[in-house]
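**Q** pasting the sequence and the predicted coordinates here, then a few questions.
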Amino acid sequence: MHKKRQPKDDIIDGVERKLRVGLGRQQQLLESGLTTLASIGSVAPYVGLFGTVWGIMNAFLGLSQ
């Protein structure tokens, strides 16, 4: 646009438009795995609790033998 002797306002508008498009694409990439991450994060405490119960049960079985 600068080579075509466009006014500065048009150049600034063009740059802002390109930046908005680039930011939108990056945001889509970052948000693509967000649902998977949210699912894993909501299930993780229950998996940890299950592991703790499993370990305690194995400890009691070991003590009884």
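**A** Right, received. Where do you want to start?
**Q** top helix in the protein by residue count?
**A** Ranked by number of residues, the top helix in the chain under DSSP state H is helix 34-64.
**Q** so which elements touch that helix?
**A** Packing partners of helix 34-64 (3 or more CB pairs under 8 Å, 6 or more residues apart in numbering; DSSP states H and E): none among the helices and strands. (Glycine included, C-beta is placed from N, CA and C.)
**Q** quick one: low-confidence parts of the chain?
**A** 1-4 (pLDDT under 70).
**Q** thinking again about what came up before, return the distance of the longest helix of the chain from the chain's centre.
**A** 24 Å (CA atoms, centre = their mean, to the nearest Å).
**Q** could you do stretch 57-65 as well?
**A** 41 Å.
**Q** could you dump that stretch to PDB, C-alpha only?
**A** Once non-C-alpha atoms are left out, stretch 57-65 reads as follows in PDB (Å, rounded to 0.1, in the frame of the first residue of the first chain):
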ATOM      1  CA  MET A  57      -6.600 -50.900  50.000                       C
ATOM      2  CA  ASN A  58      -3.300 -52.500  48.900                       C
ATOM      3  CA  ALA A  59      -1.700 -51.300  52.200                       C
ATOM      4  CA  PHE A  60      -4.400 -52.900  54.300                       C
ATOM      5  CA  LEU A  61      -4.200 -56.200  52.200                       C
ATOM      6  CA  GLY A  62      -0.400 -56.200  52.800                       C
ATOM      7  CA  LEU A  63      -0.900 -55.700  56.500                       C
ATOM      8  CA  SER A  64      -3.400 -58.500  56.800                       C
ATOM      9  CA  GLN A  65      -1.100 -61.000  55.100                       C
END
